[in-house]
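Trainee: Next come a sequence and a model predicted from it.
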Amino acid sequence: MFPIESESLKSQVRDFWNRQSCGTYATQAEKYSRGYFEDVEAFRYYDQAYIHEFAQFTRYHGKKVLEVGFGAGTDFIQWLRAGARVTGIDLTPEALENLTHRINVYQLPPPEDIRVADAENLPFAANTFDLGYSFGVLHHSPNTEKAIAELVRVVRPGGEIKIMVYNRHCLLAFKLWVKHALLRGQPWKSFGWAMWNHLESIGTKSYTRPELQRIFEALPLTNIRIHSYVTSADYLTFSGFKPLNLLVRAVLRLGGNRPPWQRENYRFADGQTPTGRSAPDAKTLFTGNYFGFFTCITAIKRA
Ligand SMILES: C[S@@+](CC[C@H](N)C(=O)[O-])C[C@H]1O[C@@H](n2cnc3c(N)ncnc32)[C@H](O)[C@@H]1O
């Protein structure tokens with residue numbers, strides 16, 4: 001749709017994230033000091049507290065976790081603190097530098113392996129990890145579908161994947177479209193175009209629910225659950241201009257908040273365990289707010 005040769009796009013993505021790791025703008029403290037990491041972590045979970053609900057770090061004590069695209073490593077150190085046997089990769093040396101300092105500053109237990117590598121070609125054997133986790137990463141890689149398939153490949157049968165990618169039908173996409181298309185006299189340009197060209201590194205992709213359903217149902221996965229979270233970027237859209245922001249908040253209310261509870265998860269008496277999962281044969285389950293920016297996918301690899 002937006003032609004850029006894949007290897008050159010990937011090197012632009014690498015250059016962008018190598019200039020500054022994600023989230024480190026939230027501090028003025030000396031780089032790699034304890035204060036620097038404290039600020040970055042405090043701001044991340046103030047801004048995105050739902051990450052704890054999604055990742056459920058402490059459930060993975062003793063489990064083999066792979067994080068793809070660890071960035072500055074804020075989530076990564078939660079796996080370490082939780083006692084997971086965690087491995088991580090990121091495309092950039094800057095992210096590795098951040099994470100290495102961070103582990104030293106907090107004197108955390110050593111990870112199994114951290115290195116610079118590419119999500120589209122994971123340097124790990126198939127069926128290795130109990131959990132494959134990637135938050136806000138794979139939509140930046142030129143071949144996102146390949147990267148998703150790679151994550152599924154390295155997770156063991158019965159293991160889990162947890163992935164966050166951007167939702168194209170979110171309020172932030174609308175704002176980017178107004179700013180970069182509508183107000184420049186080019187209303188025919190799409191939300192996807194606006195996100196590709198004007199959100200973080202060039203080539204950022206975003207997905208609709210049917211697209212995600214197609215991608216994830218084509219993989220050897222079951223219990224696919226897709227939950228969209230409203231983020232500060234949605235809620236504060238047009239906050240500089242109150243009437244428009246009020247409209248945005250009304251739309252968010254219309255988007256609702258579909259909860260995850262399914263009747264089949266409460267039939268403990270007939271032999272099922274209280275996993276909080278929907279029935280294995282259930283189709284993809286969509287929950288959360290339709291207009292939320294962050295779409296979080298969880299699924300189990302089929303045995
Ligand atoms: C928005 S940041 C997210 C970082 C971290 N997961 C977080 O939530 O803060 C995107 C990260 O994805 C990494 N990334 C992008 N493409 C990648 C690829 N093909 N392989 C590995 N990492 C990649 C970037 O280097 C960057 O650190």
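Mentor: Thanks, I have the structure now.
Trainee: what are the pairing partners of the lengthiest strand in the chain, and which direction each?
Mentor: Assignment by DSSP state E gives strand 155-166 as the longest strand of the chain. The strands beside strand 155-166 in its sheet (DSSP bridges) come out as strand 129-135 (parallel), strand 294-301 (antiparallel).
Trainee: So the first one, near the ligand or not?
Mentor: Yes - in terms of C-beta under 6 Å from any ligand atom, part of strand 129-135 sits within range of the ligand, namely residue 135. From N, CA and C alone the C-beta is placed, and that goes for glycine too.
Trainee: Give me the contact list for stretch 56-67.
Mentor: Applying C-beta atoms under 8 Å, 6 or more residues apart in numbering, the contact partners of stretch 56-67 are 75-76, 78-79, 81-89, 112, 122, 124, 128-135, 151, 154-155.
Trainee: mind saving the C-alpha coords of it as PDB?
Mentor: Backbone C-alpha positions of stretch 56-67 (Å, rounded to 0.1, in the frame of the first residue of the first chain) are rendered in PDB as follows:
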ATOM      1  CA  GLN A  56       0.600 -10.600  34.300                       C
ATOM      2  CA  PHE A  57       4.300 -10.600  35.000                       C
ATOM      3  CA  THR A  58       4.200 -12.500  38.300                       C
ATOM      4  CA  ARG A  59       2.400 -15.500  36.800                       C
ATOM      5  CA  TYR A  60       5.600 -16.300  34.900                       C
ATOM      6  CA  HIS A  61       7.900 -17.100  37.800                       C
ATOM      7  CA  GLY A  62      10.300 -19.900  36.700                       C
ATOM      8  CA  LYS A  63       8.800 -19.800  33.100                       C
ATOM      9  CA  LYS A  64      10.800 -19.300  29.900                       C
ATOM     10  CA  VAL A  65       9.700 -15.900  28.600                       C
ATOM     11  CA  LEU A  66      10.900 -14.200  25.400                       C
ATOM     12  CA  GLU A  67      10.400 -10.500  25.000                       C
END
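Trainee: Residue 221: neighbouring residues, count only.
Mentor: By other C-beta atoms under 10 Å, 20 other residues sit near residue 221.
Trainee: who's in contact with the nearest residue to it once chain neighbours are set aside?
Mentor: Nearest residue to residue 221, sequence neighbours excluded (C-beta to C-beta, 6 or more residues apart in numbering): residue 299, at 4.1 Å. Contacts for residue 299 (C-beta under 8 Å, 6+ apart) come out as 160-161, 216, 219, 221-225.
Trainee: run the last query once more with 7 Å
Mentor: By C-beta atoms under 7 Å, 6 or more residues apart in numbering, residue 299 lies in contact with 161, 216, 221-224.
Trainee: Could you do residue 140 as well?
Mentor: 13, 200-201, 204.
Trainee: switch the cut-off to 6 Å
Mentor: 13, 201, 204 (C-beta atoms under 6 Å, 6 or more residues apart in numbering).
Trainee: Now, these that are in strands?
Mentor: Going by DSSP E, the strands hold none of the contacts of residue 140.
Trainee: For the chain, which segments count as helices?
Mentor: Along the chain, the stretches classed as helices by DSSP state H are 6-19, 34-47, 50-55, 74-81, 93-105, 144-154, 171-180, 191-198, 209-217, 232-235, 242-255.
Trainee: ok, the fifth one near the ligand or not?
Mentor: Yes - for helix 93-105 and the ligand, the contact criterion (C-beta under 6 Å from any ligand atom) is met by residue 95.
Trainee: What sits closest to residue 118 if chain neighbours are left out?
Mentor: Nearest residue to residue 118, sequence neighbours excluded (C-beta to C-beta, 6+ apart): residue 91, at 6.2 Å.
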